[in-house]
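Trainee: can you look at this prediction? I've put the sequence above it.
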Amino acid sequence: MIERRVRKLKLRAPQDALVRRGAILVEDALHTASMPFAEGGRRWFVRKLNIGRIRGSQSPASIALRIEQRMRLLPAIAIPAESEGAADAPAVYFESAADPYIALAIRICRGETPVEWYWPLAVPGWTPSLDRKQAIRAILARAIETEAGPVTVALVVDALVCRTLEQPFIEALEPQDGPALLQASGWAPIQAEAPPPHPEPSAPSIPIRWTQALAAAIRQWSPTDHRTTWFAAQPLIVRRPASMLDTRLPSSAAALIRSIVAATPPPAAAPLTPKPRLISNPPPDPPAPTAADSPTPTEPARPEPAAQSIAPAARDTTIEPPPRPTSDTLSTGFAGLFFVIPILARLGMEQALAATPAWIEAHLPYAILRAIALKLKAQDDEPVLAAMPEADPNHPEVRPWIRDIRRYSRKQAQIGLYNLVRRRGRIHHSPTHIDLFFDLTGADIRIRREGLDIDPGWVPWLGKAIHFHYGDEAPTP
């Protein structure tokens, strides 16, 4: 269930005991109220909700029903938080969990001070009274605490870099933030005197815009600053969120920094100005040139060569974009594909990826999921395929894993792979989340008994949070 928070609760009663009783009833009702439309990838914010008169003898269930009735109107009246008129809207929404942090960071780095009512709710800890540096640090601190954590932060930084807004972010970070950010991402700061744990990796390819931003960070901090190492890892996380499992990631970031430093031309030396001579009489004018002394026609002067680019020209900067978020949930006949994730976890996928980082580069878990869907006749426009990054279903390691998945499914859950995967439902996805919605009437005791339909939550080796939702019907935002 998605987090439900109330910023301010107003209750009136003749006695304090009744006020406390009312607060408890509302709290319990909010925990139990069913809001299927709000359980997807979107994040909803309501300005005011009048739930009417509450009697002390009422049960939380009756109040929950009243809240449900009021909230059913929300999809019809809510508008996107970044649209015109959002400041006066009774309710707004963001398309994904990362969007509030991205949108607020962009506005802050542009020098704006958002005053809309929903920002303190969307990004707790931020207030309009904060200066730009404080605001950026508040956004960063809160983004790290989200379910997707460092991936959310990487998406925020990437959005700033793509819009050439990274300089205010760079200036906001203090020296002590470097080790803290590395630790929050699960990495230890690299010690200059310590040998690398793996053979030194080559510099990965990143987009030109990121190369320029990283060069600016190096100039602001230094090539050996921990902030620089953390900053250099962000485009690598955006490209492959599961790369956070790769212990070589800080070393790859360090290699990227070295390549940019090596490609950056040294600052040009200041031209020497000749010392002025003290003379009493000016030198005589030079004699006028004669025809014999006139210069012969020559080629036009060649322009000076342009300054060397920071990025090596031969570098391939192609990068795989993350899947685009869908604005609506889509119907699928392969909703059970993600029941395979608990099986992969029990078969040791996370440990296997940590031991073989090349499988992370190959998106092996997604290659396995794609191969299963394609074997079961998924079409090219199948929504579950659109929710996953591109991966090669013919990777040589895919078949052994599928064989083990089939064996586990039949032996432990007494269900074949087809019956496990081919299930009706709806799907909503964003760069950080995949949400699946199932009708309760389609629940399968075999899957339930084995715990394959328990909410996986954040899955590090997928770089996404996977959530299963159940109700009378799949929601349509």
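Mentor: Ah, there it is.

Trainee: got the domain ranges for the protein?
Mentor: 97-187+204-263, 330-471 (automatic domain parsing).

Trainee: out of these, flag the one nearest Asp16.
Mentor: Nearest to Asp16 among the domains of the chain is domain 97-187+204-263; the distance by C-beta to C-beta comes to 27.4 Å. All C-beta spots, glycine's among them, are computed from the backbone N, C-alpha and C.

Trainee: and the closest one, how far from the chain's centre?
Mentor: For domain 97-187+204-263, the separation from the chain centroid amounts to 11 Å (computed by C-alpha atoms, centre = their mean, to the nearest Å).

Trainee: show me where the stretch 351-477 of the chain has strands.
Mentor: Listed in chain order, the strands of the stretch 351-477 of the chain (DSSP state E, counting those that start in this stretch) span 425-429, 433-439, 457-459, 464-471.

Trainee: ignore the last one, the chain
Mentor: Assigned by DSSP state E, the chain shows strands spanning 43-46, 79-80, 91-94, 330-332, 425-429, 433-439, 457-459, 464-471.

Trainee: not counting its own residues, what contacts the second one?
Mentor: Strand 79-80 is touched from outside by 85-86, 89, 91-95, with contacts defined as C-beta atoms under 8 Å, 6 or more residues apart in numbering.

Trainee: quick check: mean pLDDT across that strand?
Mentor: Average pLDDT, strand 79-80: 94.

Trainee: partner strands of that strand, with direction?
Mentor: In the sheet, strand 79-80 lines up against strand 91-94 (parallel) (DSSP bridges).

Trainee: quick check: mean pLDDT of the partner strand?
Mentor: 93.

Trainee: where along the stretch 351-477 of the chain do the helices fall?
Mentor: 357-361, 364-375, 383-386, 398-412, 417-421, 445-450 (DSSP state H, counting those that start in this stretch).

Trainee: from what I can see Leu344 touches Pro365, true?
Mentor: Yes. In terms of C-beta atoms under 8 Å, Leu344 counts as a neighbour of Pro365; the distance is 6.2 Å.

Trainee: which of the two has more neighbours?
Mentor: The residue with more neighbours, out of Leu344 and Pro365, is Pro365; 26 against 22, by other C-beta atoms under 10 Å.

Trainee: Ile77 and Ala33, how far apart?
Mentor: Here Ile77 is placed at a distance of 18 Å from Ala33 (C-beta to C-beta, to the nearest Å).

Trainee: looking at these two, which one has more neighbours?
Mentor: Set side by side, Ile77 and Ala33 show more neighbours around Ala33, with 20 against 11, by other C-beta under 10 Å.

Trainee: what sits closest to that one if chain neighbours are left out?
Mentor: Closest residue in space to Ala33, ignoring its immediate chain neighbours: Ala64 at 4.1 Å, by C-beta to C-beta, 6 or more residues apart in numbering.

Trainee: show the pLDDT at that neighbour.
Mentor: Turning to Ala64, the model gives it a pLDDT of 89.

Trainee: to Arg43, which of the strands of the stretch 351-477 of the chain lies closest?
Mentor: Among those, strand 433-439 comes nearest to Arg43, with 10.3 Å by C-beta to C-beta.

Trainee: give the rounded mean pLDDT of that closest one.
Mentor: Taken as a whole, strand 433-439 has a mean pLDDT of 91.

Trainee: adjacent strands (with direction) for that strand?
Mentor: Strand 433-439 sits in its sheet next to strand 425-429 (antiparallel), strand 464-471 (parallel), going by DSSP bridges.

Trainee: what residues does stretch 105-123 touch?
Mentor: Against stretch 105-123 from outside (C-beta under 8 Å, 6+ apart): 5, 7, 43, 45, 47, 81, 86-87, 92, 94, 100-101, 104, 126-128, 132, 135-136, 138-139, 142, 156, 159-160, 163, 165-166, 168-169.

Trainee: using CSV, list the CA coordinates for it.
Mentor: Provided in CSV are the C-alpha atoms of stretch 105-123 (Å, rounded to 0.1, in the frame of the first residue of the first chain):
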residue,chain,number,x,y,z
ALA,A,105,15.0,20.5,-8.5
ILE,A,106,14.6,21.9,-12.0
ARG,A,107,12.7,24.9,-10.8
ILE,A,108,15.1,25.6,-7.9
CYS,A,109,18.1,25.4,-10.2
ARG,A,110,16.4,27.8,-12.6
GLY,A,111,16.3,30.4,-9.8
GLU,A,112,12.5,30.0,-9.2
THR,A,113,10.8,29.8,-5.8
PRO,A,114,7.7,27.6,-6.1
VAL,A,115,4.8,28.8,-4.0
GLU,A,116,2.2,26.2,-5.0
TRP,A,117,0.5,24.5,-2.0
TYR,A,118,1.5,20.9,-2.9
TRP,A,119,5.3,21.2,-2.9
PRO,A,120,5.9,20.8,0.9
LEU,A,121,3.7,17.7,0.7
ALA,A,122,5.4,16.3,-2.4
VAL,A,123,8.9,16.9,-1.0
